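> sequence and computational prediction follow.
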Amino acid sequence: KSVYQGIIGTANDCTIENVNIDGLKITPVQFNNSNVGGLTGYARNAIFKNITLNNAEIVVNGIKGLNLGGLIAQANGNVETQNIYMNNLKIKAKGVNQTNGIAGVIGFNNNSDKKLKNIVVNGKIETDIGNVGGVIGKGYDVLENIIANVDIIADGDFVGGIAGSITADTKFKNNIYIGNIINKKDTSYIGAISGVKKDGTNNYIYEKNKINGIKVTDYKKELTKEQLSEEDTYTKILNFDDSYNYDEINNKLPLLKNFNKTDLLPNQKPIYIENEEFSIKSVDTLREDGNRLKIRIENWILYIQMRT
C-alpha cells in the first residue's frame, strides 16, 4: 500500500494556484512505498500554477520504495505544472533502496500526459540511488522554458540535470541546466540534460557545468555567465516568451511572472549565477584514458557557494 505525504496528501481533479510558501521542512513518517512531496504526495488530473516555494527542506531516511519531489512526489493522469518558482530547495534521501524517481519538481510522472512549463528551480539534491533529475526523476513529460540550477549527488543509473529516466515520448525544449553532478556509480546513464542521453530540442547547459568534477565537454550547447546576463539569450536563443522578467539579470537569473503574465510571482529573491566548487576527499581511479579520468568517489564533501 502506498503512503502519500506532503502539505496536501493527495490532489485529485483540482486546481491549486496562487500559493506562496516560505520555510518548509518535511521529515516524513517512515513508511515503505511512500510518496513524499513538498506540496503534495500524489496528484491526478490536477493543475498547479502560480506557486512560490522558498527555503524548503525534505529529509528522508531508510524508506524502501520512495517517490520524492520538491513539489509533487507522483503524478498521474493529466497534470499541468506551470509558473512555479522554487528557491533554496534541499532534498536529502538516504537509505533508499528502491525508487521510481527523485527530483526537484516531480519525482515520478506515471502513465500520463503532463506539461511542465515556466519553472525556476534552485537547490540541491543528495541521495544514494538513481532515477534522479533536477526537474523530473522519471516519467513521460513535456518540459519547456525551465531553468534548473540544481546540484545533484546520486549513486545509480539515470541521473540528469533536467531529467533522470525518461521515455522516447518525452518532449523537452528550450530549457537550461545550471549546476553540477556527482554520481558515485560508474555508469553511462548520466548526463547534463538527461540520464538517458536524450537531449531534446534547443536545450542548453551552463559553460561551467561539471560531472564528477570534470567539465562537461560532450554537450556543445553552452551559455556563458555573460550570455545569461542578457535578455536576448532568453528570448532569442532559449526562445522563452514574456513569462519572465529581465529587468535585473546582471549575474542573476530572471524573475518569473504569473500564469497570466500580468505580475511577478511574489516573494522571489535573486538567484545569482555562481561557479560552485566540489571538494573530494579521496577517490579511486576506475579508468583513465588520454582524454578523461573517470573516478569513483569514496568520501566527498560538497561546498555550495550560492547566494540567494
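Received the coordinates, thanks.
> ok, the residue nearest to the spatial centre of the chain to residue 83 distance?
Central residue of the chain (CA atoms, centre = their mean): residue 134, 1.8 Å from the mean position. Using CB to CB, to the nearest Å, residue 134 is found at 18 Å from residue 83. All C-beta spots, glycine's among them, are computed from the backbone N, C-alpha and C.
> same check on residue 199?
Counting by CB to CB, the gap from residue 199 to residue 83 is 25 Å.
> more crowded one of these two?
Set residue 199 next to residue 83 and count neighbours by other CB atoms under 10 Å: residue 83 wins out with 23 against 19.
> confidence score at the more buried one?
pLDDT, residue 83: 98.
> against which helices or strands is the longest strand along the chain packed?
Using DSSP state E, we find that the single longest strand of the chain is strand 40-61. Other elements packing on strand 40-61 under the criterion 3 or more CB pairs under 8 Å, 6 or more residues apart in numbering; DSSP states H and E are strand 3-5, strand 8-26, strand 34-37, strand 66-69, strand 72-76, strand 79-94.
> quick check: angle from it to strand 72-76?
140 degrees (axes from the mean of the first three to the mean of the last three CA atoms, to 10 degrees).
> strand partners (parallel or antiparallel) of strand 40-61?
Strand 40-61 sits in its sheet next to strand 8-26 (parallel), strand 72-76 (parallel), strand 79-94 (parallel), going by DSSP bridges.
> quick one: average pLDDT of it?
Computed over strand 40-61, the average pLDDT equals 96.
> next, the buried residues of it.
40-44, 46-58, 60 (16 or more other CB atoms under 10 Å).
> likewise stretch 215-226?
Using 16+ other CB under 10 Å as the test for burial, stretch 215-226 gives 216, 219, 222, 223, 225.
> please identify the deepest-packed of the helices and strands packed on strand 40-61.
strand 66-69 (a mean of 32; mean count of other CB atoms under 10 Å).
> against which helices or strands is it packed?
Judged by 3+ CB pairs under 8 Å, 6+ apart, the packing partners of strand 66-69 are strand 34-37, strand 40-61, strand 79-94, strand 99-103, strand 106-110, strand 136-139.
> so for residue 242, which of these sits nearest?
Minimum separation from residue 242 across these (CB to CB) falls at strand 79-94, 12.2 Å.
> returning to that earlier point: in a markdown table: the strands paired with strand 40-61, plus distance to residue 128.
Shown next, in a markdown table, are the strands paired with strand 40-61 (distance: least, CB to CB, whole Å):
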| stretch | distance to residue 128 |
| --- | --- |
| strand 8-26 | 19 |
| strand 72-76 | 18 |
| strand 79-94 | 6 |
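> for residue 181, find the nearest of those.
If we rank these by CB to CB, the stretch that ends up nearest is strand 79-94, at 14.2 Å.
> run the chain-centre distance for the closest one.
From the chain centre to the centre of strand 79-94 is a distance of 7 Å (CA atoms, centre = their mean, to the nearest Å).
> just want the angle from it to strand 99-103.
Using the same axes, to 10 degrees: strand 79-94 against strand 99-103 is 100 degrees.
> buried set for stretch 162-182?
Buried residues in stretch 162-182 (16+ other CB under 10 Å): 162-166, 170, 172, 174-182.
> what's stretch 157-164 in contact with?
Residues from elsewhere that reach stretch 157-164 (CB atoms under 8 Å, 6 or more residues apart in numbering): 101-103, 130-139, 141, 143, 146, 148, 150, 152, 165, 170, 172, 175, 177, 179, 181, 183, 185, 187, 189-196, 203, 205, 209.
> picking up where we left off before, got CSV for the helices and strands packed on strand 40-61, with distance to residue 268 too?
Converted to CSV, the helices and strands packed on strand 40-61 look like this (distance: least, CB to CB, whole Å):
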stretch, distance to residue 268
strand 3-5, 27
strand 8-26, 10
strand 34-37, 21
strand 66-69, 21
strand 72-76, 20
strand 79-94, 6
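> which stretch among the ones you listed comes nearest residue 118?
The nearest among these, by CB to CB, is strand 79-94 at 4.8 Å.
> residue contacts, residue 34?
2, 3, 4, 5, 28, 41, 60, 63, 65, 66, 67, 73.
> that older thread, who wins for proximity to residue 270 among the strands paired with strand 40-61?
If we rank the strands paired with strand 40-61 by CB to CB, the stretch that ends up nearest is strand 79-94, at 9.2 Å.
> compute the inter-axis angle for the closest one and strand 106-110.
Counting by the same axes, to 10 degrees, strand 79-94 lies at 120 degrees to strand 106-110.
> kind regards, and thank you for your time.
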